[in-house]
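Peer 1: no sequence for this one, just the structure:
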């Protein structure tokens, strides 16, 4: 089982900035790493509000701002990009 706190502790030295926001799409977390890449994690609540669908996108940053990115992965790999969780 993944220990979230320990995982974040291990990747923390590589993180430049983390940005959280709520949008019409759902909750968003953007993590930017020192190497110019990052991830965007989008959490979508399903109708029951007890199930969530996560979309993970690999990003390539091209500027100094947190929104200065393009998708680095253009081919969808459902087994990697989409996670469905029920609580």
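Peer 2: Structure's in. What do you need? In this text the structure is predicted, and so the values were computed from the model without any measurement. Residues are numbered from 1 along each chain as shown.

Peer 1: mind listing the strands for the protein?
Peer 2: Assignment of strands within the chain using DSSP state E yields the ranges 15-22, 27-33, 37-45, 51-61, 69-71, 82-86.

Peer 1: Let's have those strands in a markdown table, adding mean neighbour count and distance to residue 4.
Peer 2: The way it works is simple: take the backbone N, C-alpha and C, and place the C-beta from them, glycine included. Shown next, in a markdown table, are the strands of the chain (neighbours: other Cβ atoms under 10 Å; distance: least, Cβ to Cβ, whole Å):
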| stretch | mean neighbour count | distance to residue 4 |
| --- | --- | --- |
| strand 15-22 | 12 | 13 |
| strand 27-33 | 18 | 12 |
| strand 37-45 | 16 | 12 |
| strand 51-61 | 16 | 13 |
| strand 69-71 | 13 | 24 |
| strand 82-86 | 11 | 13 |
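
Peer 1: Show me which helix runs longest in this structure.
Peer 2: Identified as the longest helix of the chain according to DSSP state H is helix 4-11.

Peer 1: Make TSV out of the strands of the chain and add distance to residue 6.
Peer 2: Shown next, in TSV, are the strands of the chain (distance: least, Cβ to Cβ, whole Å):
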stretch	distance to residue 6
strand 15-22	15
strand 27-33	16
strand 37-45	18
strand 51-61	19
strand 69-71	27
strand 82-86	19
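
Peer 1: Go through those strands and find the least confident stretch.
Peer 2: Among these, strand 82-86 carries the lowest mean pLDDT, a mean of 53.

Peer 1: which residue ends up closest to the midpoint of this structure in space?
Peer 2: The chain has residue 41 as the residue nearest its centroid, 2.2 Å off, counting by Cα atoms, centre = their mean.

Peer 1: okay, the angle between the longest helix of the chain and strand 15-22?
Peer 2: 140 degrees (axes from the mean of the first three to the mean of the last three Cα atoms, to 10 degrees).

Peer 1: List the buried residues of helix 4-11.
Peer 2: Buried positions in helix 4-11, judged by neighbour count with 16 or more other Cβ atoms under 10 Å: none.

Peer 1: This completes my enquiry, with thanks.
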